[in-house]
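J.: turn this into a structure:
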Amino acid sequence: MTFKDRVVRFVRRTQLGAKLAWLAAGLTALVVAATVVVLSLQIRANTRVRFEDELRRNQKTFAQFQNQKLEQLTFAATLISQTASLPYALETYSAEAGNGVPRADLTTTVQRELERLVRESTKDILFVTDEKGRVFASAARLGAPVPVGTDLSRMREIQQALDVRERISRGGLAVLRQPDADFQVAVYPVEVGGYTLGTLVLGERLDSGFVDAARAAFDGYVVVSIGDVIASGTFPGMNDGGARALLASAPKVDSAPATVLIAKEEFVVAPVLLGETQDGAPVRMWLLQPLTETVRALTRPLVRDFLMYGVLAVLLAGFGAAVLARSVMRPFKRFVRYLQEGTAAERVEARFDAHDAPAEVRTLNESFDELMDALHMSEAQLRQASKLEAVGTLAGGIAHDFNNLLTVITGFTELALSDRNIPASLKEDLGQVISASERATALTRQLLAFSRKQVLLPTVLDLADVVEDVAPMLRRLVGEHIALRVERERTEHTHVLVDRGQVEQVVINLVVNARDAMPRGGQLVIRVARTNGGVTLSVSDTGSGMPQEVRERIFEPFFTTKEPGKGTGLGLATVYGIVKQSGGTIDVNSTVGVGTMFTVTLPASDSALTIDDLNDNSAAPRGTETILLVEDEPSVRQLAQRALEGCGYSVIAAAGHADALALAARARVDLVLTDVVMPELGGPQVADRILLLQPDAAVVYMSGYADDALRSFDLGHGVNFLRKPFTTVQLARIVRSTLDARAAHPSALAG
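T.: A predicted model of the protein is given here:
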């Protein structure tokens with residue numbers, strides 16, 4: 001008999017109570033072990049992320065230190081180069097060096113001046129080179145100076161200082177290697193009469209003192225490498241093997257922190273570039289955080305505690321399972337047979353009779369019945385949610401194509417209306433087409449709002465009209481026990497610049513809050529008026545009111561006075577965020593037992609775009625610039641081209657990225673107007689490639705997709721964006737404003 005057969009035979013002969021005990025103990029041990037593993041992995045991941053964030057901050061801090069050191073050294077070099085003897089001696093030296101051997105007294109004069117300056121300053125080394133990069137004179141505060149005649153022409157910073165053309169870009173720090181020490185130096189050109197006679201180089205020692213100073217500002221290990229060699233460091237395990245492991249990872253972590261393995265220990269490493277030597281070798285300061293050591297210190301007490309409590313849990317689980325099996329074995333078997341028959345799965349009304357069973361079985365049976373009821377309810381909810389999700393997916397999917405169609409319908413209708421020779425009857429009919437397009441646009445927005453894919457697009461609208469549009473839904477929302485009244489001042493303009501979906505959300509949330517304050521009925525008044533401060537929306541009720549301590553916290557997220565499960569505490573917090581984002585204010589006035597009034601004030605907008613504005617072609621600004629239009633939809637492309645050409649622009653149209661790049665290579669382009677979502681390459685990628693050919697061109701993006709579909713393109717902040725469907729006037733205005741902004745601020749080229 002094999003071992004497997006013996007185990008099977010032992011399990012079959014074991015009583016059910018013992019099986020349950022062993023099973024409970026085993027599952028408990030497995031859960032404890034899995035919990036320890038998961039927590040250990042989570043601790044390691046969190047520690048690595050924390051180290052990476054800390055190293056990024058330290059990289060920025062040390063980079064700022066390097067920039068400050070460069071500025072200090074450059075300022076000191078500026079003062080030294082303005083001494084009377086140095087420029088004169090270099091000018092004479094340069095002139096005589098071309099005719100023969102220069103005078104020795106010139107070198108002696110400059111040498112003495114440098115030695116004096118080194119003694120009086122805190123810099124460790126100071127020397128001067130001629131226009132060919134050879135050391136002319138040198139002095140050092142500690143150690144030997146650089147030998148006169150040393151050729152440093154290969155040092156990149158000296159080349160940049162000697163070449164006027166290279167000085168356009170700001171230089172950096174360099175590292176000078178000497179037999180007895182290394183120095184971090186800055187190079188400053190010495191000029192007389194517009195000619196570069198040489199360079200002035202000064203700097204500080206790059207030794208263990210530099211490493212100690214860096215270690216004092218950084219809670220970790222610090223290592224300095226020069227090329228493929230470790231120069232110094234505070235890492236105790238930095239032997240030859242550790243040095244090779246660290247330097248082998250240099251190409252992978254040249255800018256960002258990364259995790260490397262050194263001597264079987266993981267470290268999170270980040271480099272800071274200190275400069276290049278005269279031989280072109282990079283000098284880096286490495287910042288190291290011990291990942292393995294830190295995780296080990298954090299998880300050791302965790303494992304110890306889990307081991308102790310885990311053993312106790314295993315014993316208790318086994319003992320509890322054995323006791324449970326003995327007390328409920330017989331009724332439990334009947335209950336198991338009931339489950340095996342599948343009655344509960346097919347007929348919910350057929351319940352298990354557990355009136356004479358122990359309390360454990362009755363509790364299990366009740367829990368099972370509740371579970372089955374909840375399961376059936378969840379299945380119904382899931383089917384309904386699936387239907388809603390399908391509608392939402394459909395609404396989001398058709399938004400782009402539908403908006404393209406609306407753009408074409410509205411745009412070409414406007415172009416037809418711009419013809420002053422069309423009959424009045426036809427003009428009225430075309431106006432009806434535009435009105436229908438606007439209603440279709442509103443319908444699309446409502447579908448997207450229903451599916452939670454709404455486009456957040458601030459527009460100028462009448463706040464009173466918005467409230468009246470949602471009033472029928474609000475009456476159904478508050479119920480018949482509450483009298484709802486909507487008031488407005490029809491003699492005043494109540495236009496505001498907001499997103500319609502957001503302002504509707506504000507109204508609904510305030511009404512729901514008022515409804516909940518009047519469970520026994522009352523009066524609810526919504527009023528829109530024009531005031532000196534803007535346009536006000538007030539929602540007042542005759543409910544229970546709020547005390548002072550509640551009024552002070554009502555806009556806090558998750559703060560609610562309702563019973564658990566009756567509210568999330570996000571309604572008024574959402575209202576507050578929307579109002580503030582729209583540039584408005586919100587106030588509350590409440591008295592206990594009397595009622596509450598919320599007052600929202602939004603900035604008034606006196607400009608509202610009407611159909612007459614759309615029909616008036618003079619409302620569209622004009623221009624003569626060249627525009628590259630990139631749009632894969634032929635009808636939208638044709639509409640945009642005709643509208644812009646009608647405004648005086650020169651338009652070259654492309655159906656995709658290949659045509660666009662070919663056209664941008666042949667003609668000068670002032671502005672690129674591109675769709676965001678296109679086959680093969682999206683609009684941002686196409687614009688980036690065109691800007692390589694036309695760096696002075698401005699960019700305007702357009703799209704009919706919902707916001708969540710555009711997030712993957714990472715358009716960034718402050719871009720010039722035109723939402724579809726758009727009118728020809730809107731198109732002309734954003735093109736004109738973008739071109740004018742480019743002319744006023746040439747550095748802001750890409751929108």
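J.: so Leu628 sits right up against Leu663, yeah?
T.: Yes: taking contacts as Cβ atoms under 8 Å, Leu628 lies within contact range of Leu663: 6.1 Å. C-beta: built from backbone N, CA, C; applies to glycine.
J.: any common contacting residues for those two?
T.: Contact with both Leu628 and Leu663 is made by residues Ile652, Ala654, Val669, according to Cβ atoms under 8 Å, 6 or more residues apart in numbering.
J.: save those as a markdown table, and put in pLDDT, neighbour count and secondary structure too.
T.: Below are the shared contacts of Leu628 and Leu663 laid out as a markdown table (pLDDT from 0 to 100; neighbours: other Cβ atoms under 10 Å; DSSP: H, G, I helix; E, B strand; the rest coil):
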| residue | pLDDT | neighbour count | secondary structure |
| --- | --- | --- | --- |
| Ile652 | 94 | 17 | strand |
| Ala654 | 93 | 22 | strand |
| Val669 | 94 | 22 | coil |
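J.: going by distance to Phe183, which of the residues you listed wins?
T.: Distances from the shared contacts of Leu628 and Leu663 to Phe183 were compared by Cβ to Cβ; the smallest belongs to Val669, at 50.1 Å.
J.: average pLDDT for the longest helix anywhere in the chain?
T.: Among all segments of the chain classified by DSSP state H, the helix with the greatest residue count is helix 16-81. Averaged across helix 16-81, pLDDT comes to 81.
J.: show me what that helix is packed against.
T.: In terms of contacts (3 or more Cβ pairs under 8 Å, 6 or more residues apart in numbering; DSSP states H and E), helix 16-81 is packed against strand 182-192, strand 195-205, strand 265-276, strand 282-290, helix 291-341.
J.: what about Leu628 and Leu663, which has more around it?
T.: Leu628 (28 against 18; other Cβ atoms under 10 Å).
J.: the more buried one and Val700, how far apart?
T.: Taking Cβ to Cβ, to the nearest Å as the measure, Leu628 and Val700 are separated by 11 Å.
J.: what do the two both touch?
T.: By Cβ under 8 Å, 6+ apart, Leu628 and Val700 have these common neighbours: Leu671, Val672, Leu673.
J.: all helices of the stretch 501-650 of the chain, in order?
T.: Counting by DSSP state H, counting those that start in this stretch, the stretch 501-650 of the chain has these helices, from start to end: 548-551, 571-581, 611-615, 634-646.
J.: can you tell me which of those has the worst average pLDDT?
T.: Lowest mean pLDDT within these: helix 611-615, at a mean of 40.
J.: how near is Glu489 to Val636?
T.: In terms of Cβ to Cβ, Glu489 sits 41 Å off from Val636.
J.: of those two, who's got more company?
T.: Neighbours around Glu489 and Val636, counted as other Cβ under 10 Å, are more numerous at Val636. The numbers are 23 against 13.
J.: where's the spatially closest residue to Arg488 that is not a sequence neighbour, which helix or strand?
T.: Leaving out its chain neighbours, the residue that sits closest to Arg488 by Cβ to Cβ, 6 or more residues apart in numbering is Ala464, at 4.0 Å. In this assignment (DSSP states H and E), Ala464 forms part of helix 463-478.
J.: check what pLDDT Gly318 gets.
T.: 67.
J.: what's the answer for Ser249, then?
T.: Confidence at Ser249, expressed as pLDDT, is 61.
J.: any idea how many residues pack against Phe598?
T.: 24.
J.: how close does it sit to Glu276?
T.: Counting by Cβ to Cβ - Phe598 and Glu276 are separated by 64 Å.
J.: which residues of the stretch 351-500 of the chain fall in helices?
T.: Residue ranges of the helices in the stretch 351-500 of the chain, as given by DSSP H, counting those that start in this stretch, are 359-417, 424-450, 463-478, 500-516.
J.: now do the third one against helix 500-516, angle only.
T.: Orientation of helix 463-478 against helix 500-516 (axes from the mean of the first three to the mean of the last three Cα atoms, to 10 degrees) gives an angle of 40 degrees.
J.: please save the CA atoms from helix 463-478 in PDB.
T.: Output in PDB follows, covering the C-alpha atoms of helix 463-478 (Å, rounded to 0.1, in the frame of the first residue of the first chain):
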ATOM      1  CA  LEU A 463     -29.300  80.100 -14.600                       C
ATOM      2  CA  ALA A 464     -33.100  80.700 -14.300                       C
ATOM      3  CA  ASP A 465     -33.700  78.600 -17.400                       C
ATOM      4  CA  VAL A 466     -31.600  75.800 -16.000                       C
ATOM      5  CA  VAL A 467     -33.700  75.700 -12.800                       C
ATOM      6  CA  GLU A 468     -37.000  75.800 -14.700                       C
ATOM      7  CA  ASP A 469     -35.800  72.900 -16.900                       C
ATOM      8  CA  VAL A 470     -35.100  70.600 -14.000                       C
ATOM      9  CA  ALA A 471     -38.100  71.800 -12.000                       C
ATOM     10  CA  PRO A 472     -40.400  68.900 -13.200                       C
ATOM     11  CA  MET A 473     -37.800  66.300 -12.000                       C
ATOM     12  CA  LEU A 474     -37.400  68.200  -8.700                       C
ATOM     13  CA  ARG A 475     -41.100  68.000  -8.000                       C
ATOM     14  CA  ARG A 476     -41.100  64.200  -8.400                       C
ATOM     15  CA  LEU A 477     -37.900  64.100  -6.300                       C
ATOM     16  CA  VAL A 478     -39.300  66.000  -3.200                       C
END
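J.: flag the shaky bits of the stretch 301-450 of the chain, pLDDT-wise.
T.: Counting by pLDDT under 70, the stretch 301-450 of the chain contains low-confidence ranges at 318-362, 364-365, 374-402, 439, 441-450.
J.: what about Arg733, how many residues close to it?
T.: Arg733 has 18 neighbours, counted by other Cβ under 10 Å.
J.: you'd agree it is up against Ala620?
T.: Yes: counting by Cβ under 8 Å, Ala620 is a contact partner of Arg733 at 7.1 Å.
J.: can the helices and strands packed on helix 16-81 go into JSON lines with extra columns for mean neighbour count and distance to Lys427?
T.: As requested, those are exported to JSON lines (neighbours: other Cβ atoms under 10 Å; distance: least, Cβ to Cβ, whole Å):
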{"stretch": "strand 182-192", "mean neighbour count": "22", "distance to Lys427": "72"}
{"stretch": "strand 195-205", "mean neighbour count": "22", "distance to Lys427": "73"}
{"stretch": "strand 265-276", "mean neighbour count": "22", "distance to Lys427": "68"}
{"stretch": "strand 282-290", "mean neighbour count": "23", "distance to Lys427": "72"}
{"stretch": "helix 291-341", "mean neighbour count": "15", "distance to Lys427": "74"}
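J.: no more questions from me, cheers.
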